[in-house]
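>>> Turn this into a structure:
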Amino acid sequence: MLKTLLTSIFAVMSFSTFAISLVEVSPVHFGSVSGQLGLSCSMSQFGVISGDCDATDTEISIGQIVVTNLPRNGLIEVILTGSSNTSLSYEPVAELIGAKSGTTFLYDNQPVYVRAKGNGADFTINVFGNITVQSNLNLRQPYTVDYTLQVNQQ
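Take a look at the predicted model:
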């Protein structure tokens, strides 16, 4: 069985006139996967792996981003976008915690509008999702695919 290490690189783009900051606490890491074209695996919001990844890999972790310097009661647009390269395709899903309305889920390339709390408390965004092998991968070579998180004050 061909096993290949998969990781994701965190890419951040923030377009805001307000000084909103994004800090990566931990990157998304899917662990190991059989590297055959078309195989895929999913990671739940709890970091549980299913599908063609090795669910016992000790490197598995959800991504976590903390969004700070939010405007009090400000309306915030959040967009999570996955990507593809010749090796992998990543369709991220995330859970935004800390908005005035409570927990909100983010899906690939679907803008979400949330309101910051009156005290401007931070948001925590936990990133997980689905990854698919786009071409046969080489044994023991690390592969990466990225995603973008945009946070805009409205």
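>>> List phi and psi for the residue lying closest to residue 100 once chain neighbours are set aside.
What sits nearest to residue 100 in space, not counting adjacent residues and going by C-beta to C-beta, 6 or more residues apart in numbering, is residue 115, at 4.3 Å. (Each C-beta comes from the backbone N, C-alpha and C, glycine too.) Torsion angles at residue 115 (phi, psi; degrees, to the nearest 10) stand at phi -110, psi 130.
>>> Look at residue 115 and report its pLDDT.
Listed pLDDT for residue 115 reads 96.
>>> ok, now which ones touch the residue nearest the centre of the chain?
For the chain, the residue nearest the mean C-alpha position is residue 127 (3.3 Å; C-alpha atoms, centre = their mean). Contacts here follow C-beta atoms under 8 Å, 6 or more residues apart in numbering; on that basis residue 127 touches 28, 62-65, 80, 92-94, 147, 149.
>>> if we look at the sheet, which residues does the residue nearest to residue 100 bridge to?
Bridge pairing for residue 115 (DSSP bridges) gives the partners residue 75.
>>> residues contacting it?
Contacts of residue 115 (C-beta under 8 Å, 6+ apart): 73-76, 99-101.
>>> Done for today, thanks.
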